[in-house]
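**Q** kindly return the folded structure for what I paste below:
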Amino acid sequence: MTYSKEDGYVGKVEFEVQDHKLPYEITLYSKNGKEWSYGLFFLNESGSEDEILAVEDLLEENDEWYDFLVNAAKSKLQQ
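**A** Residues are numbered from 1 along each chain as shown. Below you'll find the predicted structure:
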């Protein structure tokens, strides 16, 4: 994760989901470090739309899981 006054916080986390064929990457963004936006992508190649939609649903419904990913990115903040 990086931080600049102009761009705010920008970070990425690579992760896998049990029983999914391909790994994911989430890009996280926050201007103030409190309210986060994200983009979810397959890491290396395109995969199943159903699987990525299931991960999107999980991110929207499970705050603990989402916070875990945000905290993983924040733990690597480069000053």
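**Q** CA only for contacts and neighbour counts going forward, please
**A** Noted.
**Q** just want the most central residue of this protein.
**A** Most central in the chain under C-alpha atoms, centre = their mean is residue 26, positioned 2.8 Å from the mean C-alpha point.
**Q** is that one in a bridge, and if so with what?
**A** Going by DSSP bridges, residue 26 is paired in beta bridges with residue 13, residue 40.
**Q** for it, give me its contacts.
**A** 12-14, 38-41 (C-alpha atoms under 8 Å, 6 or more residues apart in numbering).
**Q** pLDDT value on it, please?
**A** We note a pLDDT of 98 for residue 26 in this prediction.
**Q** quick thing: my sequence starts at 55, can you match it?
**A** Yep, numbering from 55; the last one is residue 80 now.
**Q** gap between it and residue 90?
**A** 12 Å (C-alpha to C-alpha, to the nearest Å).
**Q** now residue 79
**A** Counting by C-alpha to C-alpha, the gap from residue 79 to residue 90 is 15 Å.
**Q** also residue 71?
**A** Residue 71 is 21 Å from residue 90, where distance means C-alpha to C-alpha.
**Q** residue 120 and residue 111 touch, don't they?
**A** No - taking contacts as C-alpha atoms under 8 Å, residue 120 lies outside contact range of residue 111: 10.8 Å.
**Q** so which of those two has more stuff around it?
**A** Shown here are residue 120 and residue 111; by other C-alpha atoms under 10 Å, residue 120 has more neighbours (16 against 11).
**Q** and the nearest residue to residue 93 once chain neighbours are set aside, how many neighbours?
**A** Using C-alpha to C-alpha, 6 or more residues apart in numbering and skipping residues adjacent in sequence, the residue nearest residue 93 is residue 81, 5.1 Å away. As a burial measure, residue 81 scores 18 neighbours (other C-alpha under 10 Å).
**Q** ok, now residue 114?
**A** The criterion is other C-alpha under 10 Å. On that basis, residue 114 has 11 neighbouring residues.
**Q** then residue 130?
**A** When counting by other C-alpha under 10 Å, one arrives at 13 neighbours for residue 130.
**Q** since that was my last question, I'll sign off now.
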